[in-house]
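Enquirer: Sequence unavailable; structure follows:
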């Protein structure tokens, strides 16, 4: 999708210097925008905003971000759910198998002493599960974000095309992931060191650390979409995320908290019944292995729903920030072959 000048309009690149984006909310109605909240959704038909894909090409309200995420999941169901189901199932099966040999030894409350070998085996299983989960997450983030990129323009995409487009980004997403892991381990080490020195120092370090995690986490929350959409490197993606979120930090925090709340509600739908089933199965056969298996099935189903939704919503939040700050809606309209909103 390259124009005659060689520019790739779907690359979501920054606008030229000096660009002034249009005001959010589309064209004002007869009574103007006085008193209208900045996040108030505007009807596309009234605003005249083109809608080639899952969202209108103008700054979005929170409801429109959520609606766009759901539309992406339904219109691209085969790719979104299919990819997630395949990758999550593979990862969950490998992780569960790694934990099975020591499940009864460590998880059974009647076991008095799991022994050094039992605990070592359990820890090894947990590490394997964590590594597999991390790799699955990285691949899913890259591929699902690629699908959202097509969904915004209303373009079709297959699983094979998604893999081809996402594959070059996976190592860089891994880099983002590892940076987060290193930062987290460093912060935990500082907090633990503080508590070792004195409980008051540890408490202050804990509170400051939590505040820092929230602040930085919001600032870098759209790093993965920036990396995939703009085809950039790790550091540049982080910098782009900070640039986009700066000035709208509280709004982005609110959207992310809403997404977390929705994800938590969905997780309860799966965790409660599968937790009960796992407990019953474990009691019937007098083993903790059925608990692991049933929990794994529940985890797979939960991830198939939550992961596509969260990824799509976060990607659309990135697009919204670009449209608000950089006039991305004009570039997207041209890329999709529709007339931009005047």
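Expert: In hand now; what should we look at? These numbers come from a predicted model, not from an experiment. Residues are numbered from 1 along each chain as shown.
Enquirer: Could you check the pLDDT of the nearest residue to residue 258 once chain neighbours are set aside?
Expert: In this structure, residue 258 finds its nearest non-sequential neighbour in residue 62, 6.7 Å apart by C-beta to C-beta, 6 or more residues apart in numbering. Where you see a C-beta, it was placed from the backbone N, CA and C, and this is true even at glycine. pLDDT recorded at residue 62 is 96.
Enquirer: what does residue 169 give?
Expert: For residue 169, pLDDT reads 96.
Enquirer: quick one: contacts for it?
Expert: Counting by C-beta atoms under 8 Å, 6 or more residues apart in numbering, residue 169 touches 142, 146, 227, 228, 231.
Enquirer: what helix or strand is residue 228 on?
Expert: helix 223-230 (DSSP states H and E).
Enquirer: could you point out which element follows that helix?
Expert: helix 234-245.
Enquirer: contact partners of that next one?
Expert: 14, 172, 175-176, 179, 218-224, 226-227, 230, 232, 252, 318, 321-322, 325.
Enquirer: and these, which are buried?
Expert: Among those, those classed as buried by 16 or more other C-beta atoms under 10 Å are 172, 175-176, 218-224, 226-227, 230, 232, 252, 318, 321-322, 325.
Enquirer: Please state the offset of the helix or strand where residue 210 lies from the chain centre?
Expert: Take DSSP H and E as the rule and residue 210 turns out to sit in helix 199-219. Relative to its chain's centre, helix 199-219 lies at 22 Å (C-alpha atoms, centre = their mean, to the nearest Å).
Enquirer: So what angle separates the directions of it and helix 234-245?
Expert: Interaxial angle of helix 199-219 relative to helix 234-245 (axes from the mean of the first three to the mean of the last three C-alpha atoms, to 10 degrees): 80 degrees.
Enquirer: In helix 199-219, which of the residues would be classed as buried?
Expert: 202, 205, 206, 209, 218, 219.
Enquirer: which ones are touching residue 279?
Expert: Contacts of residue 279 by C-beta under 8 Å, 6+ apart are residue 291.
Enquirer: ok, it to residue 295 distance?
Expert: 10 Å (C-beta to C-beta, to the nearest Å).
Enquirer: Take the buried residues of helix 199-219 and write them to JSON lines, including distance to residue 240.
Expert: Converted to JSON lines, those look like this (distance: C-beta to C-beta, whole Å):
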{"residue": "202", "distance to residue 240": "35"}
{"residue": "205", "distance to residue 240": "30"}
{"residue": "206", "distance to residue 240": "31"}
{"residue": "209", "distance to residue 240": "25"}
{"residue": "218", "distance to residue 240": "15"}
{"residue": "219", "distance to residue 240": "11"}
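Enquirer: which residues sit in contact with the residue lying closest to residue 298 once chain neighbours are set aside?
Expert: Closest residue in space to residue 298, ignoring its immediate chain neighbours: residue 274 at 2.9 Å, by C-beta to C-beta, 6+ apart. Residues counted as contacts of residue 274 (C-beta under 8 Å, 6+ apart) are 294, 295, 297, 298, 301.
Enquirer: thinking the second one is in contact with residue 277, fair?
Expert: No - under the contact definition of C-beta atoms under 8 Å, residue 295 does not touch residue 277, with a separation of 9.2 Å.
Enquirer: So which of the two has more stuff around it?
Expert: residue 295 (19 against 16; other C-beta atoms under 10 Å).
Enquirer: avg pLDDT for the helix or strand harbouring the more buried one?
Expert: Applying DSSP H and E as the criterion places residue 295 in helix 289-326. Average pLDDT, helix 289-326: 93.
Enquirer: buried sites along it?
Expert: 289-326.
Enquirer: what packs against the helix or strand immediately after it in the chain?
Expert: Going down the chain from helix 289-326, the next helix or strand is helix 328-336, by DSSP H and E. Judged by 3 or more C-beta pairs under 8 Å, 6 or more residues apart in numbering; DSSP states H and E, the packing partners of helix 328-336 are helix 115-153, helix 289-326.
Enquirer: Between helix 234-245 and the last one, find me the angle.
Expert: Here helix 289-326 runs at an angle of 70 degrees relative to helix 234-245 (the same axes, to 10 degrees).
Enquirer: packing partners for helix 289-326?
Expert: By 3+ C-beta pairs under 8 Å, 6+ apart, helix 289-326 packs against helix 62-75, helix 77-107, helix 115-153, helix 223-230, helix 234-245, helix 249-285, helix 328-336.
Enquirer: what's the most buried one of those helices?
Expert: helix 223-230 (a mean of 25; mean count of other C-beta atoms under 10 Å).
Enquirer: Measure how far stretch 145-164 is from the centre of its chain, please.
Expert: The answer for stretch 145-164 is 16 Å, by C-alpha atoms, centre = their mean.
Enquirer: meant to ask about stretch 52-60
Expert: With C-alpha atoms, centre = their mean, you get 19 Å for stretch 52-60.
Enquirer: repeat for stretch 83-99
Expert: 19 Å.
Enquirer: outside of it, which residues touch it?
Expert: By C-beta under 8 Å, 6+ apart, stretch 83-99 touches 122, 124-126, 128-129, 132-133, 135-136, 139-140, 143-144, 147, 159, 162, 292-293, 296, 299-300, 303-304, 307-308.
Enquirer: picking up where we left off before, of the contacts of residue 169, closest to residue 336?
Expert: Distance to residue 336, by C-beta to C-beta, is smallest for residue 146 among those, at 16.8 Å.
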